[in-house]
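J.: What follows is a predicted structure for the sequence shown.
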Amino acid sequence: MRFVDEYRDAEKARALSAKITSLCEPGRAYKFMEVCGGHTHTIYKHGLEDYLPEAVTLVHGPGCPVCVIPMGRVDDAIHIAEQPDVVMTSFGDMMRVPGGRGSFFDSMAQGAEIRMVYSPLDALKVARQNPDKHVVFMAIGFETTAPSTAMTVLRAEAERIGNFSVFCNHVTIIPAIKAILDSPDLRLDGFIGPGHVSTIIGCRPYEFIARDYGKPLVVAGFEPLDILQSIYMLLVQLAEGRSEVENQYARVVPWAGNLKALTVINEVMELRPYFEWRGLGFISHSALSVREKYAAYDAERIFEIPGGRVADPKACQCGEVLKGVLKPWECKVFGTACTPETPIGTCMVSSEGACAAYYNFGRFSRERVREATR
Amino acid sequence: MCLGIPGEIVEILPDRTDLAKVDVSGVRRAINVGLLENERLQPGDWILIHVGFALSKIDEDEARAALDFLEGIGQAYDDELAALRDSSIDRG
């Protein structure tokens, strides 16, 4: 096993690594999914797989909000951006995500006005400053981000701003986890639960995973030691025959979540009957739309939306990567036709995407290990 | 946009109690604290910030550990700070 010495807690990591190894039953293999893209980033950046015994495999999940946006929705957003007197606003992460007809950046080059913003409140400010334009915010993200969009809609209403709307692509994490649990492709032993999503939804929504599916879940922080500690906690549960929801990140995540944030989401948004996820297909009740009460701020009601479905490029295997069936380097186009500079698939675009994280960090350590064992 | 970053409250804005002036690795910006209205935030408190909103109150030790970690991850954190620097939700 190779130990990276680039971070301060290598000593503690080694101790945890030994405890993890001692908990593995001989002959048994363990597969844990880290749901959140932030965790995937930490795992590759710090070479955490090198701290784990061979019996433990980490599988990357669908928790990167940029990665799960299907190509058709990108095309819809570009269609809105191309309408006269429209300014589209978006987080920087979305700018290079390819749709069927190119990305936001491509659309800008063809004359659409698209601006990068840090916060939906910055998008609202663009609306305030451009009363003769209609400003649309490309809203993406899990429950971590949805309250910010909802708060911004409420603010727009309070200020009676009439030229602002959101194109709502917010998704919810629980139905995606359920889809993965119900998928026949994958046998998992437990979950490393998302950190920031859980600051909003709390730990209770995960209880069905432990109760109905018999899989332990540990909500985890983002530092390397947090993730190793969570893997250790999962293995302790399995060794003791328990399946429960535990909170390793209690210093940030309250068990009950953030009630005000949940209330605000519920005021402004409602569950869609279904929504398409890149790679996972249509999942029931897995995304949010703006409630009719706030129709004046809903880009889907204001603009004609083409709503076309665009199949992912044949060569792209983001779907398998997002479901954890394939590791990034097992994709046919990984690192050749698909790189962070010219991404084919979404997993290569966002820095939280499994492919980009592996491309930027993981492949080097893997190559080193391969050389060392040659 | 996916990062949650810690910041220290410098000032609660007198005319807008849902906004606080926050210091994030030396960048001072207005952050919306409306999701933490029951926390009675004060200058010196640390919060976890995501896309211009405070999601939770955290203690100083956690904030410092998280900052060390974020400063170590490089590009993604630099990008986030650059985006925050361009943000000005309290003006205009």
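T.: Looks like it came in fine. This one's a predicted model, so the numbers in the text were calculated from it and none came from an experiment.

J.: can you tell me the residue of chain A closest to chain B?
T.: As assessed by Cβ to the nearest Cβ, chain B sits closest to A:Ser119 within chain A, at 2.7 Å. All C-beta spots, glycine's among them, are computed from the backbone N, C-alpha and C.

J.: quick one, phi psi at that residue?
T.: Note on A:Ser119: its backbone torsions stand at phi -140, psi 150 [degrees, to the nearest 10].

J.: Could you do A:Ile174 as well?
T.: Backbone dihedrals for A:Ile174, given as degrees, to the nearest 10, come out at phi -60, psi -50.

J.: Return the residues of the stretch 151-300 of chain A in contact with chain B.
T.: A:151, A:195-196, A:199-200, A:222-223, A:251-254, A:258, A:260-261, A:264 (Cβ under 8 Å from any Cβ of the partner chain).

J.: quick one, what contacts the closest residue in space to B:Arg85 that isn't next to it in sequence?
T.: For B:Arg85, ignoring the flanking residues on the chain, the nearest one in space by Cβ to Cβ, 6 or more residues apart in numbering or on different chains is B:Val27 at 5.4 Å. If a contact means Cβ atoms under 8 Å, 6 or more residues apart in numbering or on different chains, then B:Val27 has B:Leu81, B:Leu84, B:Arg85 as its contacts.

J.: what are the bridge partners for B:Val27, then?
T.: B:Val24 (DSSP bridges).

J.: gap between the closest residue to the residue of chain A closest to chain B other than its chain neighbours and B:Asp18?
T.: Using Cβ to Cβ, 6+ apart and skipping the chain neighbours, the partner closest in space to A:Ser119 is B:Gly52 (2.7 Å). Per Cβ to Cβ, to the nearest Å, B:Gly52 is found 12 Å from B:Asp18.

J.: So the two - more neighbours on which side?
T.: Neighbours around B:Gly52 and B:Asp18, counted as other Cβ atoms under 10 Å in any protein chain shown, are more numerous at B:Gly52. The numbers are 24 against 17.

J.: shouldn't that one be in contact with A:Pro147?
T.: No - with contact defined as Cβ atoms under 8 Å, B:Gly52 and A:Pro147 do not form a contacting pair (11.3 Å).

J.: Okay, A:Met348 and A:Ile69: tell me how far apart.
T.: 14 Å.

J.: Output the below-cut-off pLDDT ranges for the chain.
T.: Just going to use chain A. Low-confidence segments of chain A, defined by pLDDT under 70, span residues A:1-8, A:362-374.

J.: could you do chain B instead?
T.: Chain B contains residues with pLDDT under 70 at B:91-92.

J.: so who does the closest residue in space to A:Glu276 that isn't next to it in sequence touch?
T.: Leaving out its chain neighbours, the residue that sits closest to A:Glu276 by Cβ to Cβ, 6+ apart is A:Pro70, at 4.6 Å. Applying Cβ under 8 Å, 6+ apart, we find A:Pro70 in contact with A:Glu276, A:Trp277, A:Arg278, A:Arg309, A:Val310.

J.: Quick one: buried ones out of these?
T.: Under a neighbour-count criterion of 16 or more other Cβ atoms under 10 Å in any protein chain shown, the subset of those counted as buried comprises A:Glu276, A:Trp277, A:Arg278, A:Val310.

J.: Leaving out chain neighbours, which residue sits closest to the third one?
T.: Which is A:Arg278. With sequence-adjacent residues excluded and distances taken as Cβ to Cβ, 6+ apart, A:Arg278 is closest to A:Pro70, at 4.6 Å.

J.: the strands in chain B, which residues?
T.: Using DSSP state E, the strands found in chain B span residues B:5-12, B:19-24, B:27-32, B:46-50, B:53-58.

J.: Apologies, that question was intended for the stretch 251-374 of chain A.
T.: In chain order, the stretch 251-374 of chain A shows strands spanning A:269-271, A:274-277, A:281-284, A:288-290, with DSSP state E, counting those that start in this stretch as the criterion.

J.: Now the residue nearest to A:Glu143 when sequence neighbours are not counted. Its backbone dihedrals?
T.: For A:Glu143, ignoring the flanking residues on the chain, the nearest one in space by Cβ to Cβ, 6+ apart is A:Ile200 at 4.5 Å. Its backbone dihedrals place A:Ile200 at phi -90, psi -50, with angles given as degrees, to the nearest 10.

J.: so who does A:Ile200 touch?
T.: Applying Cβ under 8 Å, 6+ apart, the residues near A:Ile200 are A:Glu143, A:Thr144, A:Ala146, A:Pro147, A:Gly257, A:Asn258, A:Ala261, A:Leu262, B:Leu55.

J.: how about a cut-off of 7 Å?
T.: Residues in contact with A:Ile200 (Cβ atoms under 7 Å, 6 or more residues apart in numbering or on different chains) are A:Glu143, A:Thr144, A:Pro147, A:Gly257, A:Asn258, A:Ala261, A:Leu262, B:Leu55.

J.: May I see the buried residues of stretch A:23-37?
T.: By 16+ other Cβ under 10 Å, the buried positions in stretch A:23-37 come out as A:Leu23, A:Cys24, A:Tyr30, A:Phe32, A:Met33, A:Glu34, A:Val35, A:Cys36, A:Gly37.

J.: Does chain B have contacts with that stretch?
T.: Yes - using Cβ under 7 Å from any Cβ of the partner chain as the criterion, contacts between stretch A:23-37 and chain B involve A:Gly37.

J.: Could you tell me the end-to-end distance of that stretch?
T.: Here the two ends of stretch A:23-37 are set 26 Å apart, with distance taken as Cα to Cα, to the nearest Å.

J.: Residues in contact with that stretch: which ones?
T.: Judged by Cβ under 7 Å, 6+ apart, the contacts made with stretch A:23-37 from elsewhere in the structure are A:40, A:43, A:53, A:55-61, A:63-64, A:67, A:173, A:177, A:187-195, A:231, A:234-236, A:239, A:324, A:350, A:352-353, B:2.

J.: quick one on the thing from earlier: which ones among the buried residues of stretch A:23-37 are found in helices?
T.: Secondary-structure check on these using DSSP state H: residues within helices are A:Leu23, A:Gly37.

J.: one step back: contact partners for the residue nearest to A:Ser119?
T.: B:Gly52 makes contact with A:Tyr118, A:Ser119, A:Leu121, A:Asp122, A:Ser148, B:Ile31, B:Asn32, B:Ser87, B:Ile89, according to Cβ under 7 Å, 6+ apart.

J.: Can you report how many residues lie near the third one?
T.: In other words, A:Leu121. Here the number of neighbours of A:Leu121 (other Cβ under 10 Å) works out to 26.

J.: secondary structure element for it?
T.: Following DSSP states H and E, the helix or strand that holds A:Leu121 is helix A:120-129.

J.: Quick check: the gap between B:Ala30 and B:Ile89.
T.: 5 Å.

J.: actually A:Gly279, not the one I wrote
T.: 34 Å.

J.: repeat for A:Leu280
T.: For A:Leu280, the distance to B:Ile89 - Cβ to Cβ - is 34 Å.

J.: out of the two, which sits in the more crowded spot?
T.: B:Ile89 (24 against 20).
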